[in-house]
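Student: have a look at this prediction, sequence included:
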Amino acid sequence: MTQPKRSRARLLAPLLYLAALTLLLEEWLWDTGKRLGAIIAAWPLVRGLDARIRALPPYAALCAFVLPAILLFPLKLLALLAIANGHMVTGVLTIVLAKIGGAAAVTRLYALTLPSLLTLAWFARWHGVFMAFKDRWVGALKATLAYRRTSRSVLGLRGAFAAWRQRAKSGRHSPRPARFLRRFAAMWRARRR
């Protein structure tokens, strides 16, 4: 590899790791949203609402699909305002809960409104273009070493957290929580080799 390519790769490496982490977070949010949406969809009141949403005409379905983003935007602004005023935990928790709630609403509404939305020629065309673009870029990102390393680290962290939670439930948790952090640090150092 030539010197300019090597230095460009070093400069872009943090961005690749950030993109990989963001992709993993978005996939987790999408999966969590699906599970949450399925649980909520089992409620009798929501089942009737689902049927009404499925029966919406195309432009009404488009409005229903966009509604969560419009409703959650002011909430996210308030969370940023809370962070700016020194209420870091409240702001971050609000953003995380809004993200999970928004993901649940969007995944459910996407599944319910997609057949109706695809009857709009312009939506069907742009949906196909966007999905092809997304699949190409996500495939390219998943092929990188940064994604594989980040994915391995997240899986290791998830496994360590699950083991810690299991030990805590059984009453055998570590008297020193620093052990968990040391194991994570050792795993992080080992991935650099």
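Tutor: Done, it's in. Numbers count the residues shown, from 1 in each chain.
Student: you'd agree residue 57 is up against residue 113?
Tutor: No - at 10.6 Å, residue 57 and residue 113 do not qualify as touching, with contact defined as C-beta atoms under 8 Å. C-beta coordinates here come from the backbone N, C-alpha and C atoms, glycine included.
Student: which of these two has more neighbours?
Tutor: Each of residue 57 and residue 113 has its neighbours counted (other C-beta atoms under 10 Å); residue 113 has more, 21 against 9.
Student: helix or strand for that one, which one?
Tutor: For residue 113, the enclosing helix or strand under DSSP states H and E is helix 88-117.
Student: buried set for the next helix or strand along the chain from that helix?
Tutor: Using DSSP H and E, the helix or strand that follows helix 88-117 in sequence is helix 121-142. Buried residues in helix 121-142, counted by 16 or more other C-beta atoms under 10 Å: residue 123.
Student: output helix 121-142 in CSV with nothing but the alpha carbons.
Tutor: Extracted as CSV, the C-alpha positions of helix 121-142 are listed here (Å, rounded to 0.1, in the frame of the first residue of the first chain):
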residue,chain,number,x,y,z
ALA,A,121,-45.5,5.3,-8.1
TRP,A,122,-43.0,8.0,-6.9
PHE,A,123,-42.8,6.3,-3.4
ALA,A,124,-42.2,2.9,-4.9
ARG,A,125,-39.5,4.2,-7.2
TRP,A,126,-37.7,6.1,-4.5
HIS,A,127,-38.1,3.3,-2.0
GLY,A,128,-36.4,0.9,-4.4
VAL,A,129,-33.6,3.4,-5.0
PHE,A,130,-33.1,4.0,-1.3
MET,A,131,-33.2,0.3,-0.4
ALA,A,132,-30.6,-0.6,-3.1
PHE,A,133,-28.4,2.3,-2.0
LYS,A,134,-28.7,1.3,1.7
ASP,A,135,-28.0,-2.4,1.0
ARG,A,136,-24.9,-1.5,-1.1
TRP,A,137,-23.5,0.8,1.6
VAL,A,138,-24.4,-1.5,4.5
GLY,A,139,-22.8,-4.4,2.7
ALA,A,140,-19.6,-2.4,2.1
LEU,A,141,-19.5,-1.4,5.7
LYS,A,142,-20.1,-4.9,7.0
